[in-house]
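> 3D, please:
(2 chains)
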2 protein chains.
Amino acid sequence: MASCPFCSGLEERTPPEVFAIREPGSPTNGPGWQVRVVPNKFPLLRIEGHLDRRTEGLYQVMQGIGAHEVIIETPEHSLCLSDLDTAQLVKVFQAYRERLLDLRRDKRFRYLQIFKNHGVEAGAPVPHSHSQLIALPITPPVLKTELNACRNHFREHERCLICDLIAQEQADGRRIVYNDDRFLVVTPYASASPFEMRLFPRQHSHDFALQNDDELGDFAVALRSTLLKLRSLLRDPPFNFILHTAPPAHPRPGLPDYWNSLTNDYHWHLELVPRLNRIAGFEWGSGLHINPMPPEDAARHMRNTDPSSGL
Amino acid sequence: MASCPFCSGLEERTPPEVFAIREPGSPTNGPGWQVRVVPNKFPLLRIEGHLDRRTEGLYQVMQGIGAHEVIIETPEHSLCLSDLDTAQLVKVFQAYRERLLDLRRDKRFRYLQIFKNHGVEAGAPVPHSHSQLIALPITPPVLKTELNACRNHFREHERCLICDLIAQEQADGRRIVYNDDRFLVVTPYASASPFEMRLFPRQHSHDFALQNDDELGDFAVALRSTLLKLRSLLRDPPFNFILHTAPPAHPRPGLPDYWNSLTNDYHWHLELVPRLNRIAGFEWGSGLHINPMPPEDAARHMRNTDPSSGL
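Numbering: from 1, shown residues only, chains lettered A, B, ... in the order given. Reported below is the predicted structural model:
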């Protein structure tokens, strides 16, 4: 589109690219790319400076240090993520992987959060298909809760909590949306919102950035099928997805087993949340959610949908 | 309005009232009331049954036992909460108090959550002014975090965390919205959303239900001023408020000091949240919130607004 800064041909309207997958010989910051990563022009956190952790009386303060990047998923303005073929989705995931590997070298960052907003109601005012990466100087509360639960389960049982969860969902079957020998997609038990889903790799791995191209291909097949079914069933609903992966590992003095423990006690996955309901006083005040769609029914509807009907 | 079940004259359209403040001699479930409390016709939780706590493999289950009531704040269809005078607001708060005192006799309930949704965007599809009470069989996560923080602070320092917070905000001054010798209204430090506010009684008390009518009157003056300013400044924004008060106290064997400790380590207050921003992938995935309006600026805007301009 003539005025869209994410379109091919208008590369000068974004900050200079930090990564791109492009045709051999095509110029950096020029056309010829398939996936392009640029710093956000309006970043939530800034890369320069010191954390300057301190207290102000009862409060904890630090500077807003971090990184905020945009992964432009296609040069085509009119395509959305579910329009892309699996080869192009693999390129998007390769961009995620490269940025995770690069940014984890900065020891100020405790977590690298990759997420996507699709549709205005899901927080995507720019229509050109893109995801975002935010490097954070703290472990975000949602991840901290999840990491602690996984670590406690591993310490108690010497098994990965998410591997156990995958086995239980497989045996139960009622919440399965998609199932091949590489990936399991389920609607989580007692999920907070309608048609919420999780995509789990069957192969235990704590770290998305360690996946090889074959594994990214398996992920692309599972995600594409899920997105096409969702688009067909709910008529292209707004959605968010969030990649859950282990924090950058920083082995520290006094924690010699940190790295080894981390590789066993976490299991990367993708959380996919259609934005169909509203947060009101009860949800905000309690942290509890009201979901009128039982996940068992949502999974059945998804299973009965043909992914090709979403094309 | 002709078809509104919360209007005076249509009392038969709601379930029978569980409490009302009404003119002497006026008939139960007939006109003549100023505030009326009825069970929600479409309750989120049901009062009959047993909790039946159990596990299903990795998951925790219990029945959806509880209560869900509607507090109709005025018989007048066209009035909203900020239109009510302080005498009528006191009647609303008296209804809150009576329902808290009654429902806490049911030992299955761990928390009694009172909240209000104002405006469609804040989750109030029914325009007739009302609040809601939900009795829960668990302590909701948001409250649990807050209660634990207060308890830990008290154990460490033998002081109430919220009394300390009030003192710090008073000394700082930048986040004060309203200030008299009974109530302090502040925009919380590093608040999650624009124009979020907290109303704190200066007098330490853990339990809203123990407030006398004079104290409810002081609360009404503070809330009315705050709501009128908000309405004027942001042109009647959608908002939620949530009452934070101590859980029903159940002294148990082995916890002889439970009650005494509880009265010192919690401090009731009201949380007021205009619904001005959207939850997207980053917020959902991290539990962190992006607030483009610094609370210090929001407080200054509120201080500079005349409450009578909201009338």
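> Just grab the bridge partners of A:Leu272 for me.
Beta bridges link A:Leu272 to A:Met197, A:Phe241 when assigned by DSSP bridges.
> That one is in contact with A:Pro238, isn't it?
No: counting by CB atoms under 8 Å, A:Pro238 is not a contact partner of A:Leu272; they are 11.9 Å apart. Bear in mind the C-beta positions are built from the backbone N, C-alpha and C, glycine included.
> higher neighbour count, these two?
Regarding A:Leu272 and A:Pro238, a neighbour count based on other CB atoms under 10 Å in any protein chain shown identifies A:Leu272 as having more, with 23 against 18.
> and the more buried one, what does it touch?
Shown in contact with A:Leu272 (CB atoms under 8 Å, 6 or more residues apart in numbering or on different chains): A:196-199, A:226, A:230, A:239-241.
> which among these gets closest to B:Gly66?
Of all these, B:Gly66 sits closest to A:Glu196, with 23.0 Å by CB to CB.
> how close does that closest one sit to B:Ser3?
For A:Glu196, the distance to B:Ser3 (CB to CB, to the nearest Å) stands at 35 Å.
> cool, and A:Leu243?
Distance, A:Leu243 to B:Ser3, by CB to CB: 48 Å.
> higher neighbour count, these two?
Ranked by neighbour count (other CB under 10 Å), A:Leu243 and B:Ser3 place A:Leu243 first, with 22 against 7.
> does that one count as helix, strand or coil?
strand (DSSP: H, G, I helix; E, B strand; the rest coil).
> Let me know whether stretch A:172-191 sits next to chain B.
Yes: applying CB under 8 Å from any CB of the partner chain, one finds stretch A:172-191 touching chain B at A:172, A:189-190.
> What is the end-to-end distance of that stretch?
The first residue of stretch A:172-191 is 16 Å away from its last residue (CA to CA, to the nearest Å).
> tell me how far it is from the chain's mean position?
In terms of CA atoms, centre = their mean, to the nearest Å, the centre of stretch A:172-191 is set 18 Å apart from its chain centre.
> Just the mean pLDDT for that stretch, thanks.
Mean pLDDT, stretch A:172-191: 97.
> do the same with stretch A:50-63
92.
> which residues does A:Ala190 contact?
Applying CB under 8 Å, 6+ apart, we find A:Ala190 in contact with A:295, B:59.
> Spatially nearest residue to the closest residue to chain B within the stretch 51-200 of chain A (excluding sequence neighbours)?
Closest contact between the stretch 51-200 of chain A and chain B, by CB to the nearest CB, is at A:Gly123 (2.5 Å). Sequence neighbours aside, B:Ala280 is the residue nearest to A:Gly123 in space, at 2.5 Å (criterion: CB to CB, 6 or more residues apart in numbering or on different chains).
> One more: A:Tyr59?
That would be B:Tyr189: by CB to CB, 6+ apart, it lies 5.0 Å from A:Tyr59.
> The one you found is in contact with B:Glu196, isn't it?
No: assessed by CB under 8 Å, B:Tyr189 is found out of contact with B:Glu196, at 10.6 Å.
> so who does the residue located most distally from the centre of chain A touch?
Computed with CA atoms, centre = their mean, the maximum C-alpha offset from the centroid of chain A is found at A:Gly57, amounting to 35.8 Å. Residues in contact with A:Gly57, defined by CB under 8 Å, 6+ apart, are B:168, B:172.
> go on, the one 5 residues further on?
Counting by CB under 8 Å, 6+ apart, A:Met62 makes contact with A:51-54, A:137-138.
> For PyMOL, what selects the buried ones among these?
Applying 16 or more other CB atoms under 10 Å in any protein chain shown to the contacts of A:Met62 leaves a buried subset, and the PyMOL line that selects it is:
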select buried, chain A and resi 137+138
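> Tell me how far A:Ala220 lies from B:Gln94.
Taking CB to CB as the criterion, A:Ala220 is separated from B:Gln94 by 60 Å.
> what's around the nearest residue to A:Arg110 once chain neighbours are set aside, how many residues?
Leaving aside its sequence neighbours, A:Arg110 sits nearest to A:Thr139 (CB to CB, 6+ apart; 4.9 Å). When neighbours are defined as other CB under 10 Å, A:Thr139 has 15 of them.
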